[in-house]
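Engineer: Kindly generate the corresponding structure for this input.
(2 chains)
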Amino acid sequence: MMGAQPFETIVTAHHAEIFRYLRRVTSRTSEAEDLSQETFLRAYRAYRTLTPEANVRAWLFAIATNLTRNHFRSEKRRRVAYAFAAVEQRDTDPDGPEAEALFTEARGLLETTVRGLPLKQRVAFTLRKMHDLDYETIGRSLDCSAESARAHVFQALRKIRVSLNGHQLPQMEPSR
Amino acid sequence: MKVKPQACLEIEVDLVAVATGDAEGAVRGRVEDHIGFCAACRGDFQRYREIDGVVGALRRSPADGEGAVRARETLESRLADLRSRLMMYGVFPSPLGNILIARSEHGVSLVEYLGERTGFKSSRLSQVGGVEAQEDGVEVEALYRELLDYLHGTRTRLEWPLDLRLARSDFQRAVMKATVAIPYGAVASYAGIASDVGNRSAVRAVAQALRWNPLPIVVPCHRVIGSSGSLTGYAGDKLSLKMQLLGVEGVPTLTAHRDRRVARDAMYVRDRHEVEYCLPICGSLASRTLADLTLFASRERAESAGLAPCSACRPDLHPLSA
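Structural biologist: Numbers count the residues shown, from 1 in each chain, chains lettered A, B, ... in the order given. A predicted model of the protein is given here:
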């Protein structure tokens, strides 16, 4: 009665990553929990209609993104999430080596900046930089072209750069 | 803020892309040429490289493991719940009008005559609590094909797993299970089913239970008749459906006193306690009422139900004329 592979294997293969993604774009564990469950419940309902050659991972990211967008359509939720993001900073380890303290601070700033980005930029940035999705796929998730998706990521990086102005950054390995 | 030269504005997007590892070769060449002579953009480029390093570190940093485990556990239980509630259905044309077929992961849950109607809203399925119905013709297509074969007389068994959860009570479930056991081309009585479920006097309750049979045809309530041999039960306009189905199975019927009944004289008979089938005139049946009997349309039907010819009346030597 089910598709090519049992749905359990899809949960096993992708749940952790989808959860991380939602944790990143919603900033809150409780919302990531709800939305990740909703993502997979929706996927379960539609799974039988999925063609065998479909990219399941991209499809799950698209469902999760859609739910996130609906979720934040409520202005109030957005404000709550933002206020929450502002206080949920990671503590800097005061005894750590200087480079690590520097990194921890930079990472905290980066996370805060990403949380404050408009949703589409935040989503595009996270999908591209944290989960390596291609721009075509990101565009499909956001109902826009690959070019627009690329522009969202560019705008996100620009804002991150502005917000990190005046902060010394550690020398790290490039992201890819 | 200082105004950037046009060349720097134009290359900014590519510069960011190259610095963050997101650009192809040709673009890279152009950006490298530009930052070769533009110190401001070289500084920008360097800054974006540093940012990219922090982004990479953020990406590698550990996830919220505990939250993920908790979310996964809750998901498993919500999935199990959804699985048990989900029913897939399709509406199909048939010689009996439109038919809705629904199934769950346990088996077929509902067969409903919709007649001229086609909409889900007119179905019983839309009124059942605790069920999430989803239109999905593909899921029930195989069941539909078999049902059509049955209606065309080319299939005698519908051996689908049954999901009896739409039954209204344990009593109804018991009645349905007893009814499933009546073979193709045979009829039994409401009183007989009442005996099967252990309450000989519950004839009316049995009739009510079958009236609300959620699985007509599959649970062959058309094979259950009144103790007089009359085709009662399929209320109102449904009586012709009952006749039609019995006709498909070769059960002879006749009209007597404006009443439609099975032609008992033209059918072979089994006593409920025997493993043999008899001619209707067999002496061993003298004191039996229909409550104790199953009638068969033909010897073939009786024998495919595992019965042997009676050694007294010898239906094998004196078959009823067709």
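
Engineer: unless I'm mixing things up, residue B:72 is touching residue A:12, no?
Structural biologist: No - using Cβ atoms under 8 Å, residue B:72 is not in contact with residue A:12; the gap is 9.1 Å. The C-beta positions use only the backbone N, C-alpha and C, and glycine is treated the same way.

Engineer: Comparing the two, which shows the higher neighbour count?
Structural biologist: When neighbours are counted by other Cβ atoms under 10 Å in any protein chain shown, residue B:72 and residue A:12 differ, and residue B:72 comes out ahead with 18 against 11.

Engineer: Who's the closest spatial neighbour of the residue in chain A positioned nearest to chain B, skipping the chain neighbours?
Structural biologist: Using Cβ to the nearest Cβ, the closest approach of chain A to chain B is made by residue A:172 at 2.9 Å. Closest residue in space to residue A:172, ignoring its immediate chain neighbours: residue B:53 at 2.9 Å, by Cβ to Cβ, 6 or more residues apart in numbering or on different chains.

Engineer: Tell me the pLDDT of the one you found.
Structural biologist: According to the prediction, residue B:53 has pLDDT 90.

Engineer: What separation is there between it and residue B:169?
Structural biologist: Counting by Cβ to Cβ, to the nearest Å, the gap from residue B:53 to residue B:169 is 68 Å.

Engineer: follow-up on the earlier one: ok, now which ones touch the residue of chain A closest to chain B?
Structural biologist: Applying Cβ atoms under 8 Å, 6 or more residues apart in numbering or on different chains to residue A:172 gives the contacts A:103, B:50, B:53-54, B:56-57.

Engineer: And residue B:71, by the same measure?
Structural biologist: A:15, A:19, A:32-33, A:36-37.

Engineer: And the helix or strand that it is a member of, how far out from the chain middle?
Structural biologist: Taking DSSP states H and E as the definition, residue B:71 sits inside helix B:65-85. Distance, stretch centre to chain centre, for helix B:65-85: 26 Å (Cα atoms, centre = their mean, to the nearest Å).

Engineer: and if you look at stretch A:119-136?
Structural biologist: 7 Å.

Engineer: show me where the stretch 1-150 of chain B has strands.
Structural biologist: B:86-92, B:98-103, B:108-115, B:132-135 (DSSP state E, counting those that start in this stretch).

Engineer: Run through the neighbouring helices and strands of the longest one.
Structural biologist: Packed against strand B:108-115, as judged by 3 or more Cβ pairs under 8 Å, 6 or more residues apart in numbering or on different chains; DSSP states H and E, are the following elements: strand B:86-92, strand B:98-103, helix B:137-151.

Engineer: tell me the most buried of the ones you listed?
Structural biologist: The highest average neighbour count among these, using mean count of other Cβ atoms under 10 Å in any protein chain shown, belongs to strand B:98-103 at a mean of 24.

Engineer: Show me the residue at the heart of chain B, geometrically.
Structural biologist: Nearest to the geometric centre of chain B sits residue B:103, at 2.1 Å (Cα atoms, centre = their mean).

Engineer: Filter the contacts of residue A:172 down to just the ones in helices.
Structural biologist: A:103, B:50, B:53-54, B:56-57 (DSSP state H).

Engineer: By neighbours, which of those wins?
Structural biologist: residue B:54 (24 neighbours).

Engineer: So that residue is in contact with residue A:110, correct?
Structural biologist: Yes - here residue B:54 lies in contact with residue A:110, judged by Cβ under 8 Å, at a distance of 5.4 Å.

Engineer: Buried subset of the contacts of residue B:71 as a ChimeraX selection?
Structural biologist: Those of the contacts of residue B:71 that count as buried under 16 or more other Cβ atoms under 10 Å in any protein chain shown are selected in ChimeraX with:
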select /A:15,19,32,33,36,37
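
Engineer: In the stretch 201-322 of chain B, where is pLDDT below threshold?
Structural biologist: B:233-237, B:322 (pLDDT under 70).

Engineer: in it, which spans are strands?
Structural biologist: B:224-225, B:253-256, B:259-262, B:268-271, B:276-277, B:293-296, B:308-309.

Engineer: what's the closest of these to chain A?
Structural biologist: strand B:224-225 (31.0 Å).

Engineer: For chain A, give me its nearest residue in the stretch 1-150 of chain B.
Structural biologist: For the stretch 1-150 of chain B, Cβ to the nearest Cβ, closest residue to chain A: residue B:53, 2.9 Å.

Engineer: quick one: that residue and residue A:171 touch, right?
Structural biologist: Yes - look at residue B:53 against residue A:171 with Cβ under 8 Å: they come within range, at 6.5 Å.

Engineer: what's the neighbour count on the residue lying closest to residue B:230 once chain neighbours are set aside?
Structural biologist: Counting by Cβ to Cβ, 6+ apart, residue B:261 is the residue found nearest to residue B:230 once chain neighbours are left out, at 4.6 Å. Residue B:261 has 17 neighbours, counted by other Cβ under 10 Å.

Engineer: and what of residue B:256?
Structural biologist: Quick note: residue B:256 (other Cβ under 10 Å) scores 12 neighbours.

Engineer: Who does it form a beta bridge with?
Structural biologist: Applying DSSP bridges to residue B:256 gives these bridge partners: residue B:259.

Engineer: mind checking pLDDT for the nearest residue to residue A:134 once chain neighbours are set aside?
Structural biologist: Once flanking residues are discounted, residue A:134 sits nearest to residue A:146: 7.8 Å by Cβ to Cβ, 6+ apart. Note on residue A:146: pLDDT of 95.

Engineer: what does the average pLDDT come to for stretch A:129-136?
Structural biologist: 95.

Engineer: Show me the shaky parts of chain A.
Structural biologist: Judged by pLDDT under 70, chain A has its weakly predicted residues at A:1-4, A:75-97, A:173-176.

Engineer: cool, and the stretch 1-150 of chain B?
Structural biologist: B:1-2, B:63-64.

Engineer: one more time with 50, if that's ok
Structural biologist: Residue ranges of the stretch 1-150 of chain B with pLDDT under 50: none are present.

Engineer: circling back: tell me the spacing between the residue of chain A closest to chain B and residue B:133.
Structural biologist: Residue A:172 is 53 Å from residue B:133, by Cβ to Cβ.

Engineer: Can you get me a residue count around residue B:162?
Structural biologist: Neighbour number of residue B:162 under other Cβ under 10 Å is 20.

Engineer: typo on my end, it should be residue A:53
Structural biologist: Per other Cβ under 10 Å, the neighbour tally for residue A:53 reads 6.

Engineer: does it count as helix, strand or coil?
Structural biologist: The three-state assignment at residue A:53 reads coil, by DSSP: H, G, I helix; E, B strand; the rest coil.

Engineer: contacting residues for the spatially closest residue to residue B:292 that is not a sequence neighbour?
Structural biologist: Sequence neighbours aside, residue B:272 is the residue nearest to residue B:292 in space, at 5.1 Å (criterion: Cβ to Cβ, 6+ apart). If you count contacts by Cβ under 8 Å, 6+ apart, residue B:272 has them with B:192, B:195, B:292-294.
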